[in-house]
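Peer 1: Task: produce atomic coordinates for the following.
(one chain, ligands or ions: 2)
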Amino acid sequence: MRDAVDAGTATAGSEAVLALGANLGDPAATLAAAVQTIAADPDLTLLATSPIAITAPVGGPAGQPDYRNMVVRVATDLSPDDLLDACHRIEAAFGRERLVRWGPRTLDVDIVSVVTAAGEVHRADPDLTLPHASAAGRAFVLAPWAWMEPGARLDGVPVTELLAAAEDRDGVRRAEGTA
Ligand SMILES: Nc1ncnc2c1ncn2[C@@H]1O[C@H](COP(=O)(O)OP(=O)(O)OP(=O)(O)O)[C@@H](O)[C@H]1O
Ligand SMILES: Nc1nc2c(c(=O)[nH]1)N=C(CO)CN2
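Peer 2: Ligands and ions are numbered 1, 2, ... in the order given. Below you'll find the model as predicted:
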């Protein structure tokens with residue numbers, strides 16, 4: 001594992017893993033369009049996209065529809081704060097409204113991890129916690145990431161190992177096709 005760094009350290013040449021989730025409207029079409037939006041963003045270089053997972057909702061109100069989840073890897077020179085702003089702009093472009101915690105959404109884009117040349121960025125700010133505070137326990141993030149990059153590590157721990165321990169792993173299945 002490379003050395004951890006504090007956010008605030010120069011982040012030019014970063015790579016980030018973003019987690020995308022949707023369960024309103026046409027989630028598969030939304031994810032496909034979101035990937036195109038990311039690919040077209042001048043501040044982001046899309047390096048890899050995962051297969052899509054169909055996942056049972058974790059938390060939130062009862063009766064919400066299954067999600068479609070995926071992850072992407074991007075390269076960027078944006079700071080983590082500016083990358084979060086970019087994620088929020090993409091969510092807003094797809095009509096995201098924050099009504100209920102863990103409630104249904106047209107598109108959620110979270111930052112799972114940011115790695116600079118100096119290592120994994122660590123930050124404990126509630127406005128931007130890195131690595132994402134819940135990602136290490138979420139099969140709906142870890143499974144698509146492991147399909148995309150079987151050797152991936154989150155903060156030094158193999159994603160496959162985290163996935164094996166994730167409580168929601170039985171609620172995740174792989175969809176046909178790609179975004
Ligand atoms: N790593 C991160 N990625 C995205 N948002 C984050 C992160 N860390 C903290 N946040 C903050 O979390 C706030 C709530 O985000 P959001 O509405 O997407 O939460 P959620 O998807 O409902 O739940 P969860 O945070 O458990 O995924 C955001 O406004 C953002 O400031
Ligand atoms: N299956 C699934 N469940 C969730 C999801 C998600 O993307 N997929 N996102 C949440 C808040 O980020 C809460 N619960």
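
Peer 1: could you measure the residue nearest the centre of the chain against C87, distance?
Peer 2: Centrality entry for the chain: nearest residue to the mean C-alpha point is A19, 1.3 Å, by C-alpha atoms, centre = their mean. To C87, A19 is 10 Å away according to C-beta to C-beta, to the nearest Å. The C-beta positions use only the backbone N, C-alpha and C, and glycine is treated the same way.

Peer 1: list residues touching both of these two?
Peer 2: 109-111 (C-beta atoms under 8 Å, 6 or more residues apart in numbering).

Peer 1: is it true that A175 touches S50?
Peer 2: No. Under the contact definition of C-beta atoms under 8 Å, A175 does not touch S50, with a separation of 10.7 Å.

Peer 1: Please say which of these two ends up with more neighbours.
Peer 2: Legend: neighbour count by other C-beta atoms under 10 Å for A175 and S50, higher for S50 (24 against 18).

Peer 1: ok, that one - contacts?
Peer 2: S50 neighbours (C-beta under 8 Å, 6+ apart): 70-72, 144-145, 147-148.

Peer 1: try 6 Å this time
Peer 2: 70-71, 144, 147-148 (C-beta atoms under 6 Å, 6 or more residues apart in numbering).

Peer 1: Inside helices: which ones of those residues?
Peer 2: The helices, defined by DSSP state H, take in 144, 147-148 from the contacts of S50.

Peer 1: and which of these is nearest to ligand 1?
Peer 2: Set against ligand 1, the nearest of these by C-beta to the nearest ligand atom is P144 (15.0 Å).

Peer 1: what's the helix or strand for the residue nearest to the centre of the chain?
Peer 2: In the assignment (DSSP states H and E), A19 maps to strand 14-22.
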